[in-house]
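> The following comprises the amino acid sequence and a computationally predicted model.
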Number of protein chains: 2
Amino acid sequence: MSFTSQETTSTTSGKLHPFDPVRPEEIRLAVRILEASFPGVPLRYNRIDIHEPIKQDVIPYIEAERLGKPLPPRPARLLYSYFSRVDTGVCIKALMNADTKSLIYAKEFPEGVQPPMDVDEIAGIEEHCMQHPAVLAEIEKLKLPPGMTVCNDPWMYGTDDPNEKRRLFQCFMYIVEVDHPENNHYSLPCKFSPVFDARTKELVRMDYLPGGADHQTVETQPWVPVKAVQYAPELLDEPLRTDLKPYIVQQPQGASFSVDGNSVYWQKWRFRVGFNNREGLVLHNITYDKRNVFYRLNVSEMTVPYGDPRAPYHRKQAFDVGDVGFGLNANQLSLGCDCLGHIKYFDGYRSDSKGNPVLLKNIICMHEQDNGLQYKHTNYRSNAATVKRNRQLVLQMICTVANYEYIFAYIFDQAGNVELEVRATGILSTVPFDNLNGETVPWGTNVGPGVMAPYHQHMFSLRIDPAIDGFNNTVYYEDSVPLPEDENNPYLVGYTTEQTVIRKSSSANTDVNRHRVFKIRNDNVINPITYKPVSYKLMAAPSQMLLLPKHAVGHQRAEFASKPIWVTKYQDNELFAAGEFTNQSKKADGVETWVQRNDDTENEDVVLWHTFGLTHNPRIEDFPVMPMERISVMLRPDGFFTKNPALDVPPSSQAFNKSTLHPEPAPAAACCSGVGGSKAKLYKRVD
Amino acid sequence: MSFTSQETTSTTSGKLHPFDPVRPEEIRLAVRILEASFPGVPLRYNRIDIHEPIKQDVIPYIEAERLGKPLPPRPARLLYSYFSRVDTGVCIKALMNADTKSLIYAKEFPEGVQPPMDVDEIAGIEEHCMQHPAVLAEIEKLKLPPGMTVCNDPWMYGTDDPNEKRRLFQCFMYIVEVDHPENNHYSLPCKFSPVFDARTKELVRMDYLPGGADHQTVETQPWVPVKAVQYAPELLDEPLRTDLKPYIVQQPQGASFSVDGNSVYWQKWRFRVGFNNREGLVLHNITYDKRNVFYRLNVSEMTVPYGDPRAPYHRKQAFDVGDVGFGLNANQLSLGCDCLGHIKYFDGYRSDSKGNPVLLKNIICMHEQDNGLQYKHTNYRSNAATVKRNRQLVLQMICTVANYEYIFAYIFDQAGNVELEVRATGILSTVPFDNLNGETVPWGTNVGPGVMAPYHQHMFSLRIDPAIDGFNNTVYYEDSVPLPEDENNPYLVGYTTEQTVIRKSSSANTDVNRHRVFKIRNDNVINPITYKPVSYKLMAAPSQMLLLPKHAVGHQRAEFASKPIWVTKYQDNELFAAGEFTNQSKKADGVETWVQRNDDTENEDVVLWHTFGLTHNPRIEDFPVMPMERISVMLRPDGFFTKNPALDVPPSSQAFNKSTLHPEPAPAAACCSGVGGSKAKLYKRVD
């Protein structure tokens, strides 16, 4: 089926890059394709977005771009949609070609497989919950003081029944202390929690939440008034600090980066800023000084299993990429609040459930930052020093997933390093707990009166599709080990490295005690000085893996989080570590499945997946909003260059940096020979 | 013995705080005390510096300061000196009371125990080496091209002979390619290396360095010319980058900190900036909002064992605190080069070998920095967001130890966190290696023609003397473990924490797989909401420990680096993890000895020592100057407060931050309905 002839509205697809985010006219085009494919059938759109282009089609195109050669025909822009027939409720996935304006396929979802939650759906459930008579009856029993109300957060439902086929949402209920746009309802959780069928709107069950450390629940009781712990400046009891002075970043000559659409050039780096509803920020085609480095970098999944053993909390296991989408949850950033300095913003689009494009304004910001010193050496004889500051380029996205926030930043520097920094912040997912008389639980922390924050883990999967001087690469790891105690090591000081090549798709462990480092090399390109293949190393973040035992459903849904390293052979459509469909999943269909192909992964088109995370046993200081906890992973050249690639960065100087000296108090009457105030030279002797 | 009556020059000791660094008049006073104690004996001063005051004397004084009560008598300011009798060569340690101007003791060093190297001594050896006929004869054999010369770096001598009693230096020799104050001689190492007796100036031995992977050496040969890898901007072949735009930090209203002498107040933090020749920057008496947090923080030792098994490299094991001193090596910082923004500098003093005070200008800098977002929450219903930026206060010291640089920064934030960040940079310690025909070694990396950088480790010891709401504290660790699979955990999701209290002085291991966290608590102060003792946690940096086997001399000299965690009961004079005297030491006399007392450490005055480090297998990118490798350890409140302590930080706003928007290119003729250029509101639907 093709729309070429019928299409009247022009589209810019022809001018777009294969990696560009979806355009609003493409969302409209997709709707027209699907309406024509299902004539007369009312459709509800769960998602319409750009689909990753076919890699083998893209490579000749981006290689021509990199080398400045004539471009071959541009690979097709692909769109996909998850949608449902309103008449039957059947869910369908469609793939479309935006250039030929045609449907490639439309497949029904297998029974029990659920598409992700969508924005309109969540809002609908939230609203429906607040109007449901059974919920209103529970609220009535709270006998709240005048002016106080109740609200709810609909949650994804971590299925515990393998036969469950309904599309379920669990609504967690909270008391609203004050009618304020930043009231912290998470401080006052209720003890009832309705479960709804999203399709039929039926109340499936009213769950009651335990009040003590055991599983016991009771009927809803009148609320015992306690004060909420608020975070909004206007709602605080204490005044704000008044002794913080402004700190202003100025770039009077503008930024050092240049931008052409979604293509960015900065300090020898060139890459494309991608965005999609599921992953949010994605980086494509990262090159340095015209050399290939990475084909694609993205956070492919994130799961948060909770450690509270009591029903119904065992179902709390968010997959914030697969269940919802970091792109959909990305904050619309504002100048001066989220970003400091000279800022460039990127926008995105999503579709609403009717197929209308919705602008997501400023969901990615880009700016430079100063990160202290990158390198320094002082010649102690001459006291002459070379100092280079560490200027960085930051691409940042902030995602709000109901209560919680994640701040993702890809950070480039001038020495060939790319870092992914994740900051965890926002509000803890809380539960009601009768803690007014000294009660505690061994799996959570009291964070306020009547409220407890259970232990949980945040497990991220960074997907690294490398292109170290080419698209065929090899992943290996290197351990540092003592040399044998023999005649070649007579003084016992010798140590060396042991290399283990990952020759077949598989998983591997980190090992701090052996200083294990994972590297990606190109066996076809030898460094002329080290005589070894060019490579990048992964500065991994060794982390505790899933605490869930193997036979727990939550483990099987998130097997990617049971191992820190996975290596697969590239295949199109293998982008997400826990598989494409995580919402109410019973089992993953991701890296743990793909490695079982036992593919050759030496000098092949490989993908390296790194699972890292936080075991987050909340501190009370994490409430009501959590000071960020930072975790970082870096990709660092290791034999990729022939010397420090930042040597040509201009030196740090006062003429360039214009720092200011803190004023000294007027000197008191000199009690000694005025040493402090003298213009002493370096190492000047004081007589 | 007292100088009270004879003293004519006034001293400021009376006005000084017990924690203030040594003053020049105190150095002069010490000399007078010692000259009077050894009348007629010519003395050579290795070191004259402030000595740590007696803790039990200090506590009442600083507690009165903290609580704003009348001050008790100020504890004595203590001075110490290492010096030698020029007539006999005997080394002596003296302790003096600067207030009473009297000698407390003067003790001869035990035979074979060496004081650290000193600045004048190193310069003397370096000069002596260059004039020695045997060295000149070797240089002659190199047949260097006209204009090229040779220089040397004297190194501490890691004794391999238990009976060695001389004071030895090993000089590593390098070819100087150009007469330039920043010539990189480390790129052209020579293959001969004389060893001198520092006292007699005698040439003990001419060592020859191997040219290949085995231990074989040959007589000095004419030099085969190769090009040095230079780092100084003026000596580079390639031009500097021209596309880096200025990035200026302004604080138009000044800094948020206030300084009174060495006392600093910033955002509820108060502490004293200490400095001494050995450790450099030390922090004393750290309080937050008038609550005690830490008594003292310092980097107590750092050792660098090299992994090259060939003689004489087996003796390369630097102890940069004990052998030399980070304070003596601290760079004299300059505005706009080492620090960006609004900067306060602190000075220090050292003594020269004649007992003259020498000003060490600007060896510590202090400034604020912006570290991105500290926390954020967006209420997804109202889109109202609270954003707080992470303003930090940084105290920085940069130490040059011959070829190498360390950048130490203590970083305070507004949420009660204190971070120690270490950046390793500078020039690799290199060795000659005949690598022009593809040769490699399994314990090092070729970094240029004829030059190789051996693998090595950098092992730091952070000494934490805690005072969590008081001076008696308890260290324990907490592991995250699954709950048993029983009726209380029917869904298998539950996990909890296991606490292990360190009840006796001992060592412990980190454990990433159990998410082991070390905490310091005060059992006498219970948090009113968590119902648990107030505590701080150590965000440790789990690292590979010493690769040296237990029976290697280098292991026995640095046993602190064989375990990541040590807990001791406080005793005065136990400040340095490898003991007071590391130079040519045969065995440590530090934490490994002190823990053997088997002291009670529960609810006692305890000290927590954290060993962390880098196994540094050089990258070629680390040459000729190394892009910094960062390692960080954080102390983070955990149940110390009753909520996020940064709640009262003013919110981030454009009025305060004055960011600028990157200019967008003029829009091209609209090809679609102008969505991109429209002033779309948040989530505005595009029709």
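Good, I have the coordinates.
> Quick check, residue A:276 in contact with residue A:326.
No - look at residue A:276 against residue A:326 with Cβ atoms under 8 Å: they stay out of range, at 9.2 Å. (Glycine included, C-beta is placed from N, CA and C.)
> ok, those two, which is more surrounded?
Each of residue A:276 and residue A:326 has its neighbours counted (other Cβ atoms under 10 Å in any protein chain shown); residue A:326 has more, 28 against 25.
> what residues are up against the more buried one?
Applying Cβ atoms under 8 Å, 6 or more residues apart in numbering or on different chains to residue A:326 gives the contacts A:278-281, A:299, A:302, A:320, A:397, A:399, A:406, A:408.
> Direction included, what does the helix or strand residue A:305 falls within pair up with?
Counting by DSSP states H and E, the element that carries residue A:305 is strand A:291-305. Within its sheet, strand A:291-305 is paired with strand A:280-288 (antiparallel), strand A:317-319 (antiparallel), strand A:456-466 (antiparallel), according to DSSP bridges.
> Return the distance of the nearest residue to residue A:164 once chain neighbours are set aside relative to chain B.
Leaving out its chain neighbours, the residue that sits closest to residue A:164 by Cβ to Cβ, 6 or more residues apart in numbering or on different chains is residue A:584, at 7.1 Å. Look at residue A:584 and chain B: by Cβ to the nearest Cβ, to the nearest Å, they are 16 Å apart.
> so after the longest strand anywhere in chain A, what's the next helix or strand?
The longest strand of chain A (DSSP state E) is strand A:357-378. Sequence order places strand A:385-401 as the next helix or strand after strand A:357-378, per DSSP H and E.
> mean confidence for that following strand?
For strand A:385-401, mean pLDDT rounds to 97.
> Could you pull out the buried residues of that strand?
Of all the residues in strand A:385-401, those buried under the rule 16 or more other Cβ atoms under 10 Å in any protein chain shown are A:385-401.
> After that strand, which helix or strand is next? Please name it.
Counting by DSSP H and E, the next helix or strand C-terminal to strand A:385-401 is strand A:404-413.
> Provide the strand pairings for that following strand, with the direction of each partner.
Strand A:404-413 pairs in its sheet with strand A:385-401 (antiparallel), strand A:418-426 (antiparallel), by DSSP bridges.
> Dump those strands into a markdown table; add distance to residue B:440 as well.
Shown next, in a markdown table, are those (distance: least, Cβ to Cβ, whole Å):
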| stretch | distance to residue B:440 |
| --- | --- |
| strand A:385-401 | 29 |
| strand A:418-426 | 27 |
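> Go through these and name the closest to residue B:338.
Nearest to residue B:338 among the strands paired with strand A:404-413 is strand A:385-401 (6.1 Å), distances taken as Cβ to Cβ.
> Quick check: the gap between residue A:338 and residue A:344.
For residue A:338, the distance to residue A:344 (Cβ to Cβ, to the nearest Å) stands at 13 Å.
> Check the contact lists of the two and give me the overlap.
Common neighbours of residue A:338 and residue A:344 are listed as residue A:365 (criterion: Cβ under 8 Å, 6+ apart).
> what about the helices in the stretch 101-250 of chain A?
Applying DSSP state H, counting those that start in this stretch to the stretch 101-250 of chain A gives helices spanning A:119-131, A:133-142.
> now the strands paired with strand A:291-305 in JSON lines, with mean neighbour count and mean pLDDT?
Formatted as JSON lines, the strands paired with strand A:291-305 follow (neighbours: other Cβ atoms under 10 Å in any protein chain shown; pLDDT from 0 to 100):
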{"stretch": "strand A:280-288", "mean neighbour count": "23", "mean pLDDT": "98"}
{"stretch": "strand A:317-319", "mean neighbour count": "26", "mean pLDDT": "96"}
{"stretch": "strand A:456-466", "mean neighbour count": "26", "mean pLDDT": "98"}
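> Please convert those strands to TSV, extending it with distance to residue A:109.
Output for those, formatted as TSV (distance: least, Cβ to Cβ, whole Å):
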stretch	distance to residue A:109
strand A:280-288	24
strand A:317-319	17
strand A:456-466	23
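> what about the ones you listed, which gets the closest to residue B:447?
Closest to residue B:447 of the strands paired with strand A:291-305, according to Cβ to Cβ: strand A:280-288, at 20.0 Å.
> hmm, back to that, which of the helices of the stretch 101-250 of chain A is buried the deepest?
Comparing the helices of the stretch 101-250 of chain A by mean neighbour count (mean count of other Cβ atoms under 10 Å in any protein chain shown), helix A:119-131 comes out on top with a mean of 18.
> between that helix and strand A:357-378, how big is the angle?
Inter-element angle recorded for helix A:119-131 and strand A:357-378: 110 degrees (by axes from the mean of the first three to the mean of the last three Cα atoms, to 10 degrees).
> Quick check: which helices or strands does helix A:119-131 pack against?
Here helix A:119-131 touches strand A:149-156, strand A:168-176, strand A:192-197, going by 3 or more Cβ pairs under 8 Å, 6 or more residues apart in numbering or on different chains; DSSP states H and E.
> Now do the shortest one: everything it contacts.
If I follow you right, that is strand A:192-197. In this structure, residues lying in contact with strand A:192-197 by Cβ under 8 Å, 6+ apart are A:125, A:128-129, A:132, A:134-135, A:138, A:154, A:157, A:166-173, A:202-209, A:220, A:312.
> Can you check what angle separates it from helix A:119-131?
Using the same axes, to 10 degrees, one finds that strand A:192-197 and helix A:119-131 are set 130 degrees apart in direction.
> what do you get for the second one?
Between the axes of strand A:168-176 and helix A:119-131, defined by the same axes, to 10 degrees, the angle is 60 degrees.
> can you pull the alpha-carbon coordinates of strand A:168-176 into PDB?
In PDB, the C-alpha atoms belonging to strand A:168-176 read as follows (Å, rounded to 0.1, in the frame of the first residue of the first chain):
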ATOM      1  CA  LEU A 168      -3.900  -3.500  34.700                       C
ATOM      2  CA  PHE A 169      -3.000  -0.400  36.700                       C
ATOM      3  CA  GLN A 170      -2.500  -0.200  40.400                       C
ATOM      4  CA  CYS A 171      -3.400   3.200  41.800                       C
ATOM      5  CA  PHE A 172      -1.500   4.300  44.900                       C
ATOM      6  CA  MET A 173      -3.500   6.800  46.900                       C
ATOM      7  CA  TYR A 174      -2.200   9.800  48.900                       C
ATOM      8  CA  ILE A 175      -3.700  12.500  51.100                       C
ATOM      9  CA  VAL A 176      -3.300  16.100  49.800                       C
END
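> Done for today, thanks.
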